[in-house]
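**Student:** Everything below, folded, please.
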Amino acid sequence: MMRHFTIARWVSLGWFVITLCSTQHLVSLNAYDPIQFIKEKTEELASTKGDPIQLIKNEIRKHQFAITHNPFKDNIAYTQFRQDPLSPEEQNWRAKRFQTVKRKQEEFLDLEFESNDEVLDIGFSMSGGGFRALLGALGSLGAAQKTGLLDCVMSIAGLSGSVWFLAPWITSGLSLQDYKERILSLLPKLRNVFLHNPIGFWLNPKYKLTNTIDNLLVKFASNQPLTIVDLYGSVLSNTLFDIDNMGASSFYAHLASTLDPHVPSHAQRIEQVDRYPFPVYTAVLGDFDQPQEWFEFTPYEVGCKAFKAYVPSWGFGREFDGGKSIDSGPEQTLGYLMGICGSAFAANFETIYTEVLGKQLAYIPILNQAIEYAAYSEFGQIRFAYAQVNNFMYNMPEFRLQKRKTIKLVDAGLAFNNPIFATYRKSPTGSAPDLVFVFDYGFPTVGLSELEKAAYYAKQKDLKFPVVNDQNADKKVLTVCKNEGDLQTPVILYLPRVKDNQLLTQYEKDERYQHYAKLLLPLDWENIVTAGYANTFSRLYTREQAETVCALAEFNVLTQIETIRKEMRQRIMEKRKKNKIR
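**Tutor:** Residues are numbered from 1 along each chain as shown. A predicted model of the protein is given here:
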């Protein structure tokens, strides 16, 4: 017993030393001799009686900036059970944004609304696809901003790689053009450093190792589960939140909490209602014995429409009992949420076999047969990686997950790759918007199969969704799906990651698009997506390569803008006609 206690105590002392070494604001103070301070504190802790693990957690809580400066540490978080998926804060925000949207739609369409009922509720749905999706989303939104379309949008939903663009962009406060330049400058640096010193890059003592350790220590001290996704989220945030330009650590980036004035929260950023649509990030439930229900992360709340359960964003991750938080843990970092939303590696074994292993083992029949048998058995449903968080529905009888202290969350692209239904945010029941733009940067499939997955989900959940029957949706730059005259069902404008050589040739002599044609026509795009620099798992882009991905997404939106205007006007005229009949 004594030996076990001694080992535990020395493990605790190790944690404590790491804590003190990693706490930037403490060791940088000139008034302290860090070595002497560590020596005194370790001696003090070693002579203290009690549970060593709890003692070290208490010491971490005293010194970790995210804990001591948590703006919500004195607030209790409550789980809300309600029919309306919109929080009062989001409803108030939408009312303010409505005035911008109305004015900008009139400018974009060159018309005047006869009533507020005619103003269109528009959502953008941005798919996953790794850094290809990040760059594609950057290009699509850049084109939407150039034409004035972006200002007409009420909400924007992201999944996996597109979240990796949206979250740092909104946090940065930069214009899209300036943020594009940042990304195009950053990616070649990542490539060069990674190729020459990959370990040194991830463990740069200036801030990256510190951020990672701080994130882990805060969660450890707050009694929150730790998984590989915590490390993955730190890698993503260390990569995509540029400390030199932002002026502060990615450790301070959150949805609701502002810990450093250089890094305002999303909630603070979107107070500029004329600049941003309402951001919604997505993941799905990863417990293998449960349906893959969608979870949504917004500046105000985290919740699940299927469970009708919502908590404040700053309370997500805390321990709950009976609908009430029982600790004061700080908010989850945006980096961690980016890790959750982009954890495609959390696929179950059946998916891994179907998408990867089965193809690799095709030439080894005996081994392939054995693994195939396991993949399609109960074993195939096992996940080897996932995010694990405290369950905010714990011990609440109205929820079927009430007996689980924690829940597992994974990349929503493992369900289907477009967060279309996260844009369904009209009160009072989260009904469908008028139009949803679906930007699909996925792999290997785009087109009809992806739309059919969404249609099947809509049917299961009794959600409005148009008939999908265009067999060429994977080949066309824009496919419009709609139920004529049905104002309860949204018009879907589907823009996949396709390269239309005929369209490029058509615009080759138009001076507005010549540079796009020159850049894109020579590309073997499908090969680049399948096995080249734009494959889903690639992180190594030159500036020129990154520009091609952005350029294709931009070109596809810019050349379809008149068709987009036509569909918007038609929807308005249908609403006007219905109003006159009344």
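
**Student:** Might you report the residue contacts of residue 491?
**Tutor:** Residue 491 makes contacts with 434, 435, 436, 466, 480, 481, 482, 567, 571, as judged by CB atoms under 8 Å, 6 or more residues apart in numbering. From N, CA and C alone the C-beta is placed, and that goes for glycine too.

**Student:** make it 10 Å
**Tutor:** Residue 491 is in contact with 120, 122, 432-437, 466, 480-484, 567-568, 570-571, 574, counting by CB atoms under 10 Å, 6 or more residues apart in numbering.

**Student:** now do residue 264
**Tutor:** Taking CB under 10 Å, 6+ apart, we find residue 264 in contact with 170, 171, 172, 173, 252, 253, 254, 257, 258, 270, 271.

**Student:** Check the contact between the fourth one and residue 269; I expect there is one.
**Tutor:** It refers to residue 173. Yes - using CB atoms under 10 Å, residue 173 makes contact with residue 269 at a distance of 6.3 Å.

**Student:** which neighbours do those two share?
**Tutor:** 263, 275, 276.

**Student:** Mark which of the residues you listed are part of strands, please.
**Tutor:** In strands, defined here by DSSP state E, there are no members of the shared contacts of residue 173 and residue 269.

**Student:** Can you turn the buried subset of those residues into a selection I can paste into PyMOL?
**Tutor:** Restricted to buried positions by 16 or more other CB atoms under 10 Å, the PyMOL selection for the shared contacts of residue 173 and residue 269 reads:
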select buried, resi 263+276
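
**Student:** one step back: from the contacts of residue 264, keep the buried residues only.
**Tutor:** Buried, going by 16+ other CB under 10 Å: 170, 171, 172, 173, 252, 253, 254, 257, 258, 270, out of the contacts of residue 264.

**Student:** just those residues now: which is nearest residue 76?
**Tutor:** Top of the list for closeness to residue 76, among the buried ones among the contacts of residue 264 and by CB to CB, is residue 257 at 15.6 Å.

**Student:** Confirm that the closest one sits in a strand.
**Tutor:** No - counting by DSSP: H, G, I helix; E, B strand; the rest coil, residue 257 is not part of a strand but coil.

**Student:** What helix or strand is the closest residue to it other than its chain neighbours located in?
**Tutor:** For residue 257, ignoring the flanking residues on the chain, the nearest one in space by CB to CB, 6 or more residues apart in numbering is residue 331 at 4.5 Å. According to DSSP states H and E, residue 331 maps onto no helix or strand at all.

**Student:** same question, residue 95
**Tutor:** helix 88-109.

**Student:** List the buried residues for that helix?
**Tutor:** 90, 93, 94, 97, 100, 101, 102, 104, 105, 108, 109.

**Student:** for these, which one is nearest residue 551?
**Tutor:** Using CB to CB, the buried residues of helix 88-109 come closest to residue 551 at residue 108, 22.9 Å.

**Student:** how far away is the closest one from residue 161?
**Tutor:** Separation of residue 108 from residue 161 (CB to CB, to the nearest Å) stands at 28 Å.

**Student:** Give me the phi and psi angles of residue 557.
**Tutor:** Dihedral angles of residue 557 (phi, psi; degrees, to the nearest 10) stand at phi -80, psi -50.

**Student:** try the one 5 residues further on
**Tutor:** Taking degrees, to the nearest 10, you get phi -70, psi -40 for the backbone angles of residue 562.

**Student:** Counting neighbours, what do you get for it?
**Tutor:** For residue 562, the tally of surrounding residues (other CB atoms under 10 Å) stands at 9.

**Student:** I'd say residue 403 and residue 391 touch.
**Tutor:** Yes - shown here, residue 403 and residue 391 form a contact pair, counting by CB under 10 Å, at 9.1 Å.

**Student:** For those two, indicate the residue with more neighbours.
**Tutor:** More crowded of residue 403 and residue 391, by other CB under 10 Å: residue 391, with 22 against 11.

**Student:** For that one, which non-adjacent residue is spatially closest?
**Tutor:** Residue 391's closest residue in space is residue 407 (CB to CB, 6+ apart), at 4.7 Å.

**Student:** Tell me how many other residues crowd residue 178.
**Tutor:** 12.

**Student:** just to revisit the earlier point, who are the contact partners of the residue nearest to residue 257?
**Tutor:** Contacts for residue 331 (CB under 10 Å, 6+ apart) come out as 66, 70-72, 77, 254-257, 259, 265, 302, 312-318, 337.

**Student:** Give me the buried subset of these.
**Tutor:** Among those, those scoring as buried are 66, 70, 72, 77, 254-257, 259, 265, 302, 312-318, 337 (criterion: 16+ other CB under 10 Å).

**Student:** what bits of the chain have low per-residue confidence?
**Tutor:** Low-confidence segments of the chain (pLDDT under 70): 1-50, 196-208, 242-249, 348-349, 352-353, 355-362, 373, 379-380, 444-448, 582.

**Student:** the domain parsing of it - what is it?
**Tutor:** Annotated domains of the chain cover 2-63, 80-345+386-581, 348-381 [automatic domain parsing].

**Student:** coming back round to it: dump the contacts of residue 264 into JSON lines; add secondary structure as well.
**Tutor:** Supplementary listing: the contacts of residue 264 in JSON lines, determined by three-state DSSP:
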{"residue": "170", "secondary structure": "helix"}
{"residue": "171", "secondary structure": "helix"}
{"residue": "172", "secondary structure": "helix"}
{"residue": "173", "secondary structure": "coil"}
{"residue": "252", "secondary structure": "helix"}
{"residue": "253", "secondary structure": "coil"}
{"residue": "254", "secondary structure": "coil"}
{"residue": "257", "secondary structure": "coil"}
{"residue": "258", "secondary structure": "coil"}
{"residue": "270", "secondary structure": "coil"}
{"residue": "271", "secondary structure": "coil"}
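
**Student:** could you point out the longest strand in this structure?
**Tutor:** Ranked by residue count under DSSP E, the longest strand found in the chain is strand 278-285.

**Student:** Chain neighbours aside, what residue packs nearest to the residue positioned nearest the centre of the chain?
**Tutor:** Centroid-nearest residue in the chain, with CA atoms, centre = their mean: residue 163, separated by 3.2 Å. Residue nearest to residue 163 in three dimensions, not counting chain neighbours: residue 341, with 4.3 Å by CB to CB, 6+ apart.
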